[in-house]
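S.K.: my questions concern the predicted model and sequence given below.
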Amino acid sequence: MSALDDLMANAVGDAITIANEFTEVTLQRIDTRNGSRLLITSPKSGQWISLDALELEALTWQNAYTLAAMVGNMHQPLLSDDSDLP
């Protein structure tokens, strides 16, 4: 069983799909022993991420330039895993 399968085993409620002419994502609430998380999956690319409440709130701290940089760097992280964090 994959990590995604493990998360999906704890899904709560119905998934929500958001799509436009460029992409589609599915949102699903996942309950874990440490609280709820939001699972975001991209059926087209097969990529997914699970975010807790603080990580979701951190998205609200970003400006349009940060999000544009993320979109401009498609299918890869903005920072690599071996990047020095501030």
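M.R.: Noted; the coordinates are in hand.
S.K.: make it CA atoms for all contacts and neighbour counts henceforth
M.R.: OK.
S.K.: just the helices in the chain please.
M.R.: Using DSSP state H, the helices assigned to the chain run over residues 3-8, 53-60, 64-72.
S.K.: can you tell me what sits against the first one?
M.R.: Right, helix 3-8. Under the contact criterion C-alpha atoms under 8 Å, 6 or more residues apart in numbering, helix 3-8 has outside partners I30.
S.K.: can you pull out the low-pLDDT segments for the chain?
M.R.: 83, 85-86 (pLDDT under 70).
S.K.: try 90
M.R.: Within the chain, the set of residues satisfying pLDDT under 90 comprises 1, 70, 72-86.
S.K.: tell me which stretches of it form strands.
M.R.: Read by DSSP state E, the chain holds these strands, from start to end of the chain: 11-19, 24-32, 35-41, 48-51.
S.K.: so what touches the second one?
M.R.: The set of residues external to strand 24-32 that reach it, using C-alpha under 8 Å, 6+ apart, is 7-8, 10-19, 36-44.
S.K.: that older thread, make TSV from the strands of the chain and add mean neighbour count and distance to A64 to it.
M.R.: Written out in TSV, the entries for these read as follows (neighbours: other C-alpha atoms under 10 Å; distance: least, C-alpha to C-alpha, whole Å):
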stretch	mean neighbour count	distance to A64
strand 11-19	12	20
strand 24-32	17	20
strand 35-41	18	20
strand 48-51	14	20
